[in-house]
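1. here is a sequence with its predicted model. Questions after.
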Amino acid sequence: MSRALLCEHAGAPLRGVERAIPAPGPGQVLLAVEACAVCRTDLHVVDGDLPFPGRPFVPGHEIVGRVVATGAGVAHAPGSRLGVPWLGWTCGRCEWCLDGRENLCPEARFTGWQIDGGYAEHVLADARYCFALPEALDAVHAAPLLCAGLIGWRALKAAGPARELGLYGFGAAAHLIAQVARVEGRRVHAFVRPGDEAARRFALGLGAASAQGSDEPPPVPLDAAILFAPVGALVPAALRAVKPGGTVVAAGIHMSEIPAFPYAALWGERVLRSVANLTRRDALEFLALVPRLGLAIEVETLPLAAANEALARLRAGAVTGAAVLVP
């Protein structure tokens, strides 16, 4: 038997259950979960910001595990370490898949939402959407890379070659991508919840050139800004903070309503764009870079049984870096 935490309906606490260990089908891999990071998207699925999938499901999509068994057609050796991200399956035949934009596939299925995820001792995954992870990085510190790192990387690419880069919301994704940006020679300006002195110090400790409340202007005009905080009111604030020709990237899968703002905030060929999900190419690019980046990955570990506590702390903004569940 294997333990898992079920979301039975939106807004309800997760419930622990014992289930039979599943057998992998063709193309699938069964993993013994070593660690699963807790993502803000997990909050969106359990709180009902995203549509309920129609059946109880196991959240979690930043999964590190060891191969226990494989289905037909899978070459991963038993005991090898794999990472499982948010994108869990795509159709492979729509215009977006055929154009290298599988993140936009209208039939895509996602780990920890339509596909049971990693708040469990065992997880089944499509082997085509799993990624080998370096043994040099322990499971707890590798787990946040599978979404905070990957979505952050895609958002950083979308921001373009910005020298002065603003990051709104300094949590799991921003604390990783701030370091990547610095390695690339960019100056990072962090924007945190007004009055959150701990987050401000955290950002400065990771080399941010400035750190201030999200209600404050940057010390210099920004070339681009990435919004990791799911707060719609930050969109016009970020547009006002970037130079003419600058880009604002909304990196979350959900955001509160964006208030009306004057056209002048967008005018000047400023660009407002979103980032949707990720592609397998993003994962291969970013994970290939990780060994050379020397990332300081800030984590707080909790036992699997404390998943509801971890979600509550993330909801309250009380997590520094990333929370990681360990079975």
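-> That came through, no problem. Since the structure is predicted, the reported quantities are computational estimates derived from the model, not experimental observations. Numbers count the residues shown, from 1 in each chain.

2. could you use CA atoms for every contact and neighbour count after this?
-> Noted.

3. what are the boundaries of the strands in the stretch 1-150 of the chain?
-> Using DSSP state E, counting those that start in this stretch, the strands of the stretch 1-150 of the chain run over 2-6, 15-19, 28-38, 63-70, 81-84, 87-89, 109-110, 122-126, 131-132.

4. can I get those strands in TSV with mean neighbour count?
-> Converted to TSV, the strands of the stretch 1-150 of the chain look like this (neighbours: other Cα atoms under 10 Å):
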stretch	mean neighbour count
strand 2-6	21
strand 15-19	14
strand 28-38	27
strand 63-70	25
strand 81-84	26
strand 87-89	22
strand 109-110	18
strand 122-126	25
strand 131-132	16
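
5. out of these, which is closest to L278?
-> Minimum separation from L278 across the strands of the stretch 1-150 of the chain (Cα to Cα) falls at strand 87-89, 6.7 Å.

6. need the strands of the stretch 1-150 of the chain in TSV (columns: mean pLDDT and distance to A158).
-> Formatted as TSV, the strands of the stretch 1-150 of the chain follow (pLDDT from 0 to 100; distance: least, Cα to Cα, whole Å):
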stretch	mean pLDDT	distance to A158
strand 2-6	97	35
strand 15-19	97	38
strand 28-38	98	24
strand 63-70	98	25
strand 81-84	98	23
strand 87-89	98	18
strand 109-110	98	22
strand 122-126	98	27
strand 131-132	96	23
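
7. got those as a markdown table, with distance to V290 columns?
-> As requested, the strands of the stretch 1-150 of the chain are arranged in a markdown table below (distance: least, Cα to Cα, whole Å):
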| stretch | distance to V290 |
| --- | --- |
| strand 2-6 | 30 |
| strand 15-19 | 34 |
| strand 28-38 | 17 |
| strand 63-70 | 15 |
| strand 81-84 | 14 |
| strand 87-89 | 20 |
| strand 109-110 | 24 |
| strand 122-126 | 23 |
| strand 131-132 | 12 |
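
8. what's the closest of those to A203?
-> strand 28-38 (20.0 Å).

9. what comes into contact with that closest one?
-> Contact with strand 28-38 is made by 22-24, 60-72, 74, 118-127, 139-140, 143-144, 310-311, 322-327, as judged by Cα atoms under 8 Å, 6 or more residues apart in numbering.

10. care to break the chain down by domain?
-> Following the assignment in automatic domain parsing, the chain carries domains at 2-145+278-326, 150-274.

11. check the gap between the residue lying closest to R315 once chain neighbours are set aside and A125 for me.
-> In this structure, R315 finds its nearest non-sequential neighbour in L43, 7.2 Å apart by Cα to Cα, 6 or more residues apart in numbering. Counting by Cα to Cα, to the nearest Å, the gap from L43 to A125 is 21 Å.

12. try M255
-> Going from M255 to A125 by Cα to Cα gives 28 Å.

13. tell me where the stretch 151-300 of the chain has strands.
-> Along the stretch 151-300 of the chain, counting by DSSP E, counting those that start in this stretch, strands occupy 164-168, 187-192, 210-213, 222-227, 242-250, 271-274, 299-303.

14. all helices for the stretch 201-327 of the chain, in order.
-> For the stretch 201-327 of the chain, applying DSSP state H, counting those that start in this stretch gives helices covering 234-241, 280-293, 307-315.

15. I figured V248 hits E269, correct?
-> No. Using Cα atoms under 8 Å, V248 makes no contact with E269, being 11.4 Å away.

16. neighbour count: these two, which is higher?
-> Set V248 next to E269 and count neighbours by other Cα atoms under 10 Å: V248 wins out with 30 against 11.

17. ok, the more buried one - contacts?
-> 159, 224-227, 235, 238-239, 242, 270-273.

18. repeat the analysis, applying 7 Å as the threshold.
-> By Cα atoms under 7 Å, 6 or more residues apart in numbering, the residues touching V248 are 224-226, 238-239, 271-273.

19. one more: G60?
-> 36, 38, 42, 111-112, 117-119.

20. what is the nearest of these to Q179?
-> Using Cα to Cα, V38 comes nearest to Q179 of the contacts of G60, at 20.2 Å.

21. that closest one and D282, how far apart?
-> The spacing between V38 and D282, counted by Cα to Cα, is 20 Å.

22. then R193?
-> On the measure of Cα to Cα, R193 and D282 end up 29 Å apart.

23. same deal with P303?
-> Taken as Cα to Cα, the span from P303 to D282 is 30 Å.

24. what of L176?
-> Distance from L176 to D282, by Cα to Cα: 15 Å.

25. which one of those two is surrounded by more residues?
-> L176 (25 against 16).

26. residue contacts, the more buried one?
-> 149, 295, 297.

27. would you map the helices across the stretch 51-200 of the chain?
-> Remark: helices assigned in the stretch 51-200 of the chain by DSSP H, counting those that start in this stretch are 95-98, 139-142, 148-159, 172-183, 197-205.

28. format the CA atom coordinates belonging to the second one as PDB.
-> Backbone C-alpha positions of helix 139-142 (Å, rounded to 0.1, in the frame of the first residue of the first chain) are rendered in PDB as follows:
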ATOM      1  CA  ALA A 139      16.000  15.400  -3.900                       C
ATOM      2  CA  VAL A 140      14.800  18.200  -1.600                       C
ATOM      3  CA  HIS A 141      16.800  20.900  -3.400                       C
ATOM      4  CA  ALA A 142      16.100  19.500  -6.800                       C
END
